[in-house]
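> Below are the sequence and a predicted model for it; my questions follow.
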Amino acid sequence: MLGIALILIFTIIVVPYFSFTYGTALSELQLELLQGSAWIAFGVAMYCFVVGQITKNNSQVDKLWSIVPIVYSWYIAIQGGMDPRMMLMSVLVTIWGARLTYNFARRGAYTLRFWKGEEDYRWEILRQNPAFKNPIAWLLFNLFFICLYQHALIYLFTLPVLTGLNANAPEGLIWADYLLAVIFVGLVAIEYIADQQQWVYQNEKYRRINNNEPLGEYSDGFIRTGLWGVVRHPNYAAEQAIWIVFYLFSVIATGSWLNWSIAGCLLLVILFKGSSDFSEKISAEKYPKYKEYQKKVSRFVPFLKW
């Protein structure tokens with residue numbers, strides 16, 4: 001996991017550098033909005049670092065993952081003159097954020113004591129890693145990867161909204177904008193279904209365990225039906241696709257398939273590869289049948305195992 005973190009930190013410096021250096025030059029207004037929103041992102045990252053260190057709950061970034069993109073997109077859209085494409089993109093980000101916030105909230109992530117709430121189980125596993133037993137090592141990991149890297153990533157995958165200010169962007173919305181909006185909402189719906197299936201499965205499994213009832217189909221310990229029978233991580237797959245579709249709005253605005261705002265969705269795909277590797281390693285150690293499941297069902301793209 002440490003190696004993955006170092007690769008991610010390296011890529012989040014290199015990819016944006018080349019994207020901004022060799023991509024289409026930004027206008028003065030775009031640079032101004034980029035600077036203003038970047039300071040907001042940095043402030044949020046520092047907040048998460050300080051609160052996470054004090055409370056020993058390192059899911060502070062998780063609590064804000066679905067909220068701050070809404071702030072960034074509306075800040076840029078409103079300050080940028082409320083262009084129709086930018087407004088549409090901000091509405092879509094709000095739909096995505098509302099769904100994800102709801103899913104996180106029902107798992108006990110938010111409490112009146114804002115620093116409390118459910119912590120991602122993987123952080124505790126990482127804390128037990130010998131490499132992080134030294135408090136300074138964990139502090140640096142928390143600062144550079146958990147807080148700075150992840151918030152930089154969240155910020156970057158929201159930035160395609162800034163391309164709405166491109167001088168060559170079509171005036172008003174065109175058919176491609178509406179098509180992408182429909183696909184975006186459809187992917188959010190897939191995420192909701194996948195998370196709901198997981199929610200129902202886990203609740204029923206633990207209900208049976210707590211009541212000493214026969215587990216039956218829940219004895220495997222992990223869900224492998226519904227969307228989870230098509231790919232092993234349907235929610236992760238949809239999440240990556242959502243931000244790739246979001247990037248495609250920038251293709252409409254710039255007229256170029258490759259532009260500087262690609263950094264965010266590209267880095268997100270890399271992150272989910274590392275994150276799913278770590279999650280699956282834990283699942284394979286915990287559930288005897290998980291390796292069989294891995295052999296039969298593809299990770300993100302449906303039907304590859306067929």
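Yep, it's here. Residues are numbered from 1 along each chain as shown.
> where are the low-confidence patches of this structure?
1-12, 15-16, 18-24, 112, 115, 117, 305-306 (pLDDT under 70).
> how far does the host helix or strand of Gly264 sit from the chain's center?
Taking DSSP states H and E as the criterion, Gly264 maps to helix 263-286. Centroid separation for helix 263-286 versus its chain: 11 Å, with CA atoms, centre = their mean, to the nearest Å.
> Buried residues, that helix. List them.
Under the neighbour-count criterion of 16 or more other CB atoms under 10 Å, helix 263-286 has 263-272, 275-276, 279-280, 283 buried. Bear in mind the C-beta positions are built from the backbone N, C-alpha and C, glycine included.
> Among the residues you listed, pick out the one closest to Gln202, please.
Ser283 (13.0 Å; CB to CB).
> show me the contacts for the closest residue in space to the closest one that isn't next to it in sequence.
With CB to CB, 6 or more residues apart in numbering as the criterion, Ser283 has its nearest non-adjacent residue at 4.7 Å, and that residue is Tyr290. By CB atoms under 8 Å, 6 or more residues apart in numbering, Tyr290 lies in contact with Phe222, Glu280, Ser283, Ala284.
> Over to Gly229?
Shown in contact with Gly229 (CB under 8 Å, 6+ apart): Val297.
> try 10 Å this time
Contacts for Gly229 (CB atoms under 10 Å, 6 or more residues apart in numbering) come out as Gln197, Ile223, Tyr293, Lys296, Val297.
> same check, this time on Ala238
186-195, 227, 231, 300.
> Identify, from those residues, the entry nearest to Val91.
Using CB to CB, the contacts of Ala238 come closest to Val91 at Val188, 11.8 Å.
> just to revisit the earlier point, Val231 versus the residue nearest to Ser283, what's the distance?
14 Å (CB to CB, to the nearest Å).
> next structured bit after the helix or strand where Ala176 lies?
Taking DSSP H and E as the criterion, Ala176 maps to helix 175-210. Using DSSP H and E, the helix or strand that follows helix 175-210 in sequence is helix 234-254.
> can you state the direction angle for that next one and helix 175-210?
Between helix 234-254 and helix 175-210, the angle comes out at 160 degrees (axes from the mean of the first three to the mean of the last three CA atoms, to 10 degrees).
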